[in-house]
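sequence and computational prediction follow.
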Amino acid sequence: MNVERTWLYSFAKVLLKFLFRFVFRLQARGLEFFPKDQNCILLSNHISAWDPMTITHLYKHNEIHFFAKDSLFKNKLLAAVLRKIHAFPVKRGETDMKAMRHAMQVLKDGHVLGIFPEGHRIHGGELAPIETGVAVMALKSRVPVVPILIRGRYKLFSTIKVSVGEPVPLDGLIGGTADADTLNEVKDRFMRALQALANGP
């Protein structure tokens, strides 16, 4: 794993520590499943724009590179800040090959990738189908994929519950042909992992 320590990201972590101490109540379990010495994909459901900050606060081993919707990068100042904290744009609702190539390079360079495989925010606690591009990246990168389930509503003094699961086993799939059946099986395994966390305490 290529460990990163940048000043703006570190400063943001300090602000997040304050946020989750005095604004939101955070309950987290399964943090021991985060790989300590290996880069990985952090795969989470998506209920709010606050989700990347929640994961950033909980994951201590490295800095995370997150996909972010391309509309956020239209403002030059905001775009500069987002890039400084490793976010990169993705076009939602379509296959964005440029974003996928960037994500694969992030993993190849030994960094950590944060991704919301549903492609957009889902309210009400439901899980949406996982996009195929996520399965492709998991197979090609061969890094651990750690499922994360976030529940709750981001309101003042509200409780946010986060469950982290063991890396999703992709035995028998990595190294094979990434055909439609294989990709569907990868997506099914990711969905089952997230659903298991959703059904937990």
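Sure thing, it's come through. Residues are numbered from 1 along each chain as shown.

when you work out contacts or count neighbours from here on, use the C-alpha atoms and nothing else.
Fine.

correct me if wrong: Leu72 contacts Leu78.
Yes: using Cα atoms under 8 Å, Leu72 makes contact with Leu78 at a distance of 7.1 Å.

for Cys40, see how far away Lys108 is.
10 Å (Cα to Cα, to the nearest Å).

tell me which stretches of the chain form strands.
For the chain, strands defined by DSSP state E occupy the ranges 25-29, 41-44, 64-69, 88-90, 112-115, 145-151, 159-164.

could I get these in a markdown table, plus columns for mean pLDDT and mean neighbour count?
As requested, those are exported to a markdown table (pLDDT from 0 to 100; neighbours: other Cα atoms under 10 Å):
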| stretch | mean pLDDT | mean neighbour count |
| --- | --- | --- |
| strand 25-29 | 96 | 14 |
| strand 41-44 | 97 | 24 |
| strand 64-69 | 95 | 22 |
| strand 88-90 | 94 | 21 |
| strand 112-115 | 97 | 23 |
| strand 145-151 | 97 | 24 |
| strand 159-164 | 96 | 20 |
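
who wins for proximity to Leu15 among those?
Leu15 sits nearest to strand 25-29 of all the strands of the chain, at 14.8 Å, using Cα to Cα.

neighbour count: Lys108 and Cys40, which is higher?
Neighbour count, other Cα atoms under 10 Å: between Lys108 and Cys40, Cys40 has more, with 25 against 17.

residue contacts, Asp171?
Counting by Cα atoms under 8 Å, 6 or more residues apart in numbering, Asp171 makes contact with nothing.

make 41 the first number, not 1, from now on.
Okay, residue one is now 41; in that scheme the one you just asked about reads as Asp211.

give me the distance between it and Val174.
Separation of Asp211 from Val174 (Cα to Cα): 17 Å.

for Arg232, same thing?
Distance, Arg232 to Val174, by Cα to Cα: 15 Å.

the more surrounded of these two?
Val174 (21 against 14).

hmm, the more buried one is touching Gly154, no?
No: judged on Cα under 8 Å, Val174 makes no contact with Gly154 at a distance of 10.9 Å.
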